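J.: need coordinates for the below:
(chains A, B, C and D)
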There are 2 protein chains.
Amino acid sequence: MTQLAYIDEYKTAEAHSSSVRVNAPTLNSFEQDTVLDCDAFRNLPILVVTKGAVGLQHMLGDGRQTISVIFFEGDVLDTRHFSKASGKLVCILPVTASLYNGDDFETMQRDSTQFQIEQSSNQARQHLYAAQHSVDLARKSAVEKLASFIFECRKRQQLGRQLTVCLRLRRTDIADYMGLRVETLSRAFSKLRKMQFIDSDDADEVHILNEPALRQLANGKTL
Amino acid sequence: MTQLAYIDEYKTAEAHSSSVRVNAPTLNSFEQDTVLDCDAFRNLPILVVTKGAVGLQHMLGDGRQTISVIFFEGDVLDTRHFSKASGKLVCILPVTASLYNGDDFETMQRDSTQFQIEQSSNQARQHLYAAQHSVDLARKSAVEKLASFIFECRKRQQLGRQLTVCLRLRRTDIADYMGLRVETLSRAFSKLRKMQFIDSDDADEVHILNEPALRQLANGKTL
DNA sequence: CGAATAGTTGAGTAGTCTCAAAACAGGTGG
DNA sequence: CCACCTGTTTTGAGACTACTCAACTATTCG
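T.: Next comes the predicted model:
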């Protein structure tokens, strides 16, 4: 059961009426490029992304920009923790999200071992994504970064072995996320196309033509 | 003694009948460069670093190496989550760590709200470090990366405003962590010294001579 | 002392960034 | 329907940074 489904069940189940009442989540929409002010979420600090993507965006002193983390559908994010962060939470796509009360969330964790484990493994998953992202950023070339990004997209959208992947993000945001300039990213796309590893009708959609080769490239094997 | 031997000793020991239903942790030492095999920790998967540092090390296909995450003193790491990771856990310094049973850990979380909140904020802290690390890797130059690393060391060793920081890690590991080659890192040190931002008697110790300037540099402000 | 490991320095190369301009939508109003 | 605007993506030329490979120095340890 996904965490989201669990929460929904929890709040509607009569079995829990004996314990503390859990409030229904409020569903919210934010348009693209909205900055989420963490302080504004003080009363409902837990945010579960149900559609779109939220990025943690950072700006260096001279204007260089980075997106360090991206939260996609199903990712849970506790805004209380991000008020201390150096960046700001920005909707890099139109977003819908459910908001939860912090106390409710903690109550649910205490009441249900299942939920607690789910929540903990969710956090661990986020941590692993972050670690993998550091690997991608640290020593990979532009094309390798792009190849890695395509696989990350596929994995996080749970597309399995599907060969058509929607990137969904704007070029600027992909570039910010992968630590590249838009121009370099664009050149990387051209190279992958020229190498016949990918193909794309639409700017947003990528068809993987040679998955093994693309995988090798993403893993830094010199072909 | 091997890791498995430690764990076997724990399993057969009688001394764990503490007053509460939570078993006493076992304290273990690992020498530098030991690789921690996650499977060997199956019975006591929760590892709390009490001394030294554990790194999550990744190797690209052609030999390029990276350390994506570092766990220092006080950091909690659940080895169950890292068996899925692309990298391996390596003691990049001599390490001592307490091991906990997974069920005990979950019980402690349920029994103590205090503990649960602490654990959750610990995970959040790790996540923020990871995010900040991505920012450091993404678009910063070599000297900026080094400046950032010095501040990260100070912060994570809880040295407050102290101007003398022990890096403790080997140059190779710092380079792997910051996504640089050792040579480039060495040149970055030289540059910071020449700029009179830092000073060092010992290779391991860094005296910050001009904190504001170093901070600005770390934040990407062109001076 | 000599071997081995860790760290520094130097010269040339490859790759990314910068800046500038051109191509390409998508939407607006005449 | 077309010209126009705005924002995004692509392409090109030159500068600059970090990498590679190599030699050299320092330190540790048998």
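
J.: got the phi and psi for the residue nearest the centre of chain A?
T.: Centroid-nearest residue in chain A, with CA atoms, centre = their mean: A:F71, separated by 2.7 Å. With angles defined as degrees, to the nearest 10, A:F71 sits at phi -100, psi 120.

J.: that one: what's it in contact with?
T.: For A:F71, the contact set (CB atoms under 8 Å, 6 or more residues apart in numbering or on different chains) comprises A:49, A:53-55, A:77. For glycine as for every other residue, the C-beta is placed from the backbone atoms N, C-alpha and C.

J.: just the ones in helices from these, please.
T.: Judged by DSSP state H, the contacts of A:F71 include no members of helices.

J.: lowest-confidence entry in those?
T.: Across the set of those, A:L77 stands lowest in pLDDT, at 90.

J.: that one and A:G55 touch, don't they?
T.: No. Using CB atoms under 8 Å as the test, A:L77 is too far from A:G55 to be in contact (11.0 Å).

J.: between those two, which contacts overlap?
T.: A:71, A:89.

J.: nearest residue to A:T96 in space, please, no chain neighbours.
T.: In space, and not counting its chain neighbours, A:T96 is closest to A:K51: 4.3 Å by CB to CB, 6 or more residues apart in numbering or on different chains.

J.: I'd say the one you found and A:E73 touch.
T.: Yes. Counting by CB under 8 Å, A:E73 is a contact partner of A:K51 at 6.1 Å.

J.: so for those two, which residue has more residues nearby?
T.: Taking other CB atoms under 10 Å in any protein chain shown, A:K51 and A:E73 do not tie; A:E73 has more neighbours (17 against 12).

J.: I'd guessed that one sits against A:L93; true?
T.: No. Counting by CB under 8 Å, A:E73 does not reach A:L93; the two are 10.1 Å apart.

J.: where in chain A is pLDDT low?
T.: A:1-24, A:223 (pLDDT under 70).

J.: so what's the backbone phi/psi at the residue nearest to A:L159 when sequence neighbours are not counted?
T.: Among residues not flanking A:L159 along the chain, A:V165 sits closest, at 6.3 Å (CB to CB, 6+ apart). The phi and psi values for A:V165, taken as degrees, to the nearest 10, are phi -120, psi 130.

J.: so what's the residue count around A:V165?
T.: 22.

J.: swap in A:F105?
T.: 19.

J.: you'd agree it is up against A:L44?
T.: No. With contact defined as CB under 8 Å, A:F105 does not reach A:L44; the gap is 9.9 Å.

J.: chain A - how does it break down into domains?
T.: Annotated domains of chain A cover A:3-133, A:140-218 [automatic domain parsing].

J.: which residues does A:R125 contact?
T.: The contact partners of A:R125, by CB under 8 Å, 6+ apart, come to B:H81.

J.: ok, and it, which helix or strand is that part of?
T.: Following DSSP states H and E, one finds A:R125 within helix A:113-139.

J.: buried residues, that helix. List them.
T.: Across helix A:113-139, burial judged by 16 or more other CB atoms under 10 Å in any protein chain shown covers A:115-116, A:118-120, A:123-124, A:126-139.

J.: any idea how far the closest residue to A:A203 other than its chain neighbours lies from A:Q196?
T.: With sequence-adjacent residues excluded and distances taken as CB to CB, 6+ apart, A:A203 is closest to A:R171, at 7.8 Å. From A:R171 across to A:Q196, the span is 21 Å (CB to CB, to the nearest Å).

J.: more neighbours: the two, which one.
T.: A:R171 (16 against 10).

J.: mind listing the helices in chain A by residue range?
T.: Under the criterion DSSP H, chain A contains helices at A:3-12, A:79-82, A:102-111, A:113-139, A:142-156, A:171-178, A:182-194, A:211-218.
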